[in-house]
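**Q** with the sequence up front, the predicted model follows.
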Amino acid sequence: MKKSVSILMVILFVSTAFISPANIKAVQAVTNESETAEYAHQPERLAPDVDNVGLYEAYEITFTISSNIPPTDAAKTSLLFDVIFTSPGNRRIWMPGFWAGGNTWKVRFAPTELGTWHWVTFSTNPSLDARTGSLVSVPSDNKGFIRVAENNPYTFSYSDGTPFFMWGNTAYQLLEQALEGPGVSYEYFNPEDPSISHILTTQDWREFVDKTQEHGMNKIRFQATMWGWGNNYGTRWFPWENSTVLNPQFAVFNQSYWETLDEVVQYMQEKGMVAEIVIISDYSNWEPTDPGMYYMTPADEQLLLRFTAARYAAYSNVIWQVAQEFYYTERVRYGGRVPEAWGREVGSYLAGVDPYRTVAGRLLTIHNRTKMLFSFPNDPWPTHFAIQVGTRITPKWKYENHPSLWGNDSIRYNWGYYKPIANDEYGYADNYELSRAMVRQAAWGIAVGGGYGTYGEWNTDPTWDPYWIKTGGLLGVWVDDPSQEDIKVMTDFMNSLDFPSMSPNNFLITAKPADVYAYMLADEGNTYVMYAAEGSGGQFTLNLKKGVYDAAWIDTTTGDVVQAEPSFELAQNGSVNFESPDYDDDILLVIKAVKFDNKIYLPLMAH
């Protein structure tokens with residue numbers, strides 16, 4: 001097993017929790033009505049006993065039956081195939097099984113307790129019913145599932161309590177890159193003018209994953225179903241068999257499609273990357289000639305959600321986004337519109353079919369369109385808020401050209417519901433609307449607001465409408481952009497803080513230059529982080545707790561200290577004035593309490 005990581009990765013990422021999926025423990029049960037299960041080692045497994053499963057590691061059981069079942073019936077049979085795992089502490093975890101093609105069914109499971117687990121199958125098919133077995137969960141390096149932290153409901157942690165500062169990247173069609181394979185060129189057309197086309201060449205999708213991690217990001221948002229993007233990007237891969245863009249079929253899952261997604265999820269787990277899977281991503285009201293999932297019935301949706309959960313719930317690096325910009329996802333049964341009732345319906349169903357939502361706090365949310373407030377703040381099924389607050393947010397008089405403000409407000413205005421907040425589309429690099437500095441300002445505004453974000457890059461073709469035509473990162477093709485270095489500086493810095501102990505409090509800034517936007521994240525009496533955007537410098541007045549402090553101004557593009565302040569002492573709570581050096585675009589002020597005699601600690605970058 002690949003259980004070792006570099007010292008740098010340990011410092012910069014708390015993502016070492018995920019163990020190589022190449023080492024998934026597996027058994028195969030060959031059964032029919034009269035046979036008992038027989039277990040066989042898979043030859044590539046390294047563990048001497050395949051029944052030894054690392055804590056939180058995925059474990060796969062394969063069942064092969066002798067009788068033939070038509071594919072349409074097999075898909076439906078999956079709805080009636082479950083496996084109950086009983087822990088050493090007598091806790092039961094119900095896992096849905098899934099049809100894996102032909103006469104093969106599988107279940108995937110991750111133990112959450114050490115010791116011996118027992119399992120038993122339940123199915124209306126006698127060949128799949130009443131099978132039994134056991135496994136032994138042993139210690140591993142896996143830190144567990146990403147969940148809402150117990151000590152601060154606005155933050156994330158692993159199952160073992162290790163804090164997790166989540167910052168993602170966007171690659172909606174990463175899966176299509178994997179399905180096509182690298183070096184494949186194909187043509188797609190301008191949806192506004194089909195006489196204009198563009199040649200795309202695919203990239204090895206692993207490069208996008210690797211580069212994302214190298215630049216300080218630990219999550220990738222991507223689509224499991226790419227249907228609604230068909231006309232824009234020419235996708236020719238579908239989750240179901242016998243389907244086309246104009247003739248969707250929802251009866252039989254395309255196994256090769258989902259096996260490729262298996263590979264993507266497993267590679268990301270091996271790399272220590274969170275896979276945020278967007279399950280329903282249908283833009284049928286953007287594309288009138290592209291019905292996408294428009295005709296899906298509730299039964300079709302439930303089959304898709306259950307199948308996806310059954311296939312990927314055992315991976316501790318997976319989190320769910322049940323729908324992307326759900327307001328744009330139309331359904332014929334609602335007369336072409338989708339009310340919030342639909343989002344609540346699919347979100348609640350997914351929460352119910354993924355046992356790790358309850359057992360391990362699996363993260364689950366839904367994505368708004370451009371809108372300041374999350375649509376389901378009081379619902380129990382979303383674990384956190386996922387919002388889209390970027391260049392199109394209104395009112396324009398307030399936010400236009402002030403990305404740090406829309407970034408900070410996107411978190412601040414959603415505060416108060418005791419759930420983490422992620423601005424998953426705060427503006428795209430290489431977009432005609434945003435400069436490098438503006439992308440950076442939006443990100444810092446979010447982070448010092450106590451929130452999380454997802455970066456995105458697209459390489460706009462200047463000959464097309466720049467709003468609609470996107471290549472680069474959105475397609476899962478890595479394109480170098482200077483803003484990615486800025487993200488790494490920011491995430492490295494945030495990971496150096498005790499982020500769960502800090503809260504946003506802009507009221508601690510009592511005076512600032514009129515042309516500057518300034519924000520504060522603080523663990524009062526210990527650490528204060530003030531971020532200033534726009535303007536070029538001046539005097540700031542901050543309200544601090546009594547104590548002995550050191551302070552420094554930091555360049556947000558390098559992480560370097562540009563001006564250190566003399567140590568100072570406050571005998572009582574009060575105001576302190578700081579004069580910033582001149583800067584371009586933005587600057588960071590870090591104030592840290594001196595905890596030891598003559599020893600000053602600042603959570604600064606090492607250069």
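**A** Arrived safely, thanks for sending.

**Q** CA atoms for contacts and neighbours, from now on please.
**A** Fine.

**Q** is it true that residue 406 touches residue 396?
**A** No: with contacts counted by C-alpha atoms under 8 Å, residue 406 stays clear of residue 396, the gap being 10.4 Å.

**Q** between those two, point out the one with more neighbours.
**A** Just comparing residue 406 and residue 396: by other C-alpha atoms under 10 Å the higher neighbour count belongs to residue 406, 26 against 11.

**Q** now do the phi/psi pair for the more buried one.
**A** When read as degrees, to the nearest 10, the backbone of residue 406 gives phi -70, psi -30.

**Q** who's in contact with residue 373?
**A** Residue 373 makes contacts with 387, 410, 413-414, as judged by C-alpha atoms under 8 Å, 6 or more residues apart in numbering.

**Q** reformat those as TSV; add neighbour count and distance to residue 137.
**A** TSV is the format used below for the contacts of residue 373 (neighbours: other C-alpha atoms under 10 Å; distance: C-alpha to C-alpha, whole Å):
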residue	neighbour count	distance to residue 137
387	28	38
410	29	42
413	11	43
414	20	40
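
**Q** so which of the residues you listed sit within strands?
**A** residue 387 (DSSP state E).

**Q** what's the closest of the contacts of residue 373 to residue 457?
**A** Taking C-alpha to C-alpha as the measure, residue 387 is the one of the contacts of residue 373 closest to residue 457, at 17.6 Å.

**Q** does the closest one have beta-bridge partners, and which?
**A** Going by DSSP bridges, residue 387 is paired in beta bridges with residue 423.

**Q** now do it against residue 351, distance only.
**A** Distance of residue 387 to residue 351, computed by C-alpha to C-alpha, to the nearest Å: 19 Å.

**Q** is it true that residue 354 touches residue 308?
**A** No: with contacts counted by C-alpha under 8 Å, residue 354 stays clear of residue 308, the gap being 9.4 Å.

**Q** out of these two, which sits in the busier spot?
**A** Between residue 354 and residue 308, counted using other C-alpha under 10 Å, the more crowded position is residue 354 (24 against 20).

**Q** how about the nearest residue to the more buried one, chain neighbours excluded?
**A** residue 309 (5.7 Å; C-alpha to C-alpha, 6 or more residues apart in numbering).

**Q** wait, residue 488 touches residue 215, no?
**A** Yes: the pair residue 488 / residue 215 is scored as a contact, 4.9 Å apart, by C-alpha under 8 Å.

**Q** ok, residue 61 - how many residues close by?
**A** Neighbours of residue 61 (other C-alpha under 10 Å): 17.

**Q** can you check the pLDDT for it?
**A** Residue 61 is assigned 96 on the pLDDT scale.

**Q** kindly report the same for residue 604.
**A** So, for residue 604, pLDDT stands at 42.

**Q** what's the burial count for residue 455?
**A** By other C-alpha under 10 Å, 29 other residues sit near residue 455.

**Q** need the phi and psi values for it.
**A** Dihedral pair for residue 455: phi -70, psi 160, per degrees, to the nearest 10.

**Q** separation between it and residue 347?
**A** Look at residue 455 and residue 347: by C-alpha to C-alpha, they are 24 Å apart.

**Q** and if you look at residue 592?
**A** To residue 347, residue 592 is 42 Å away according to C-alpha to C-alpha.
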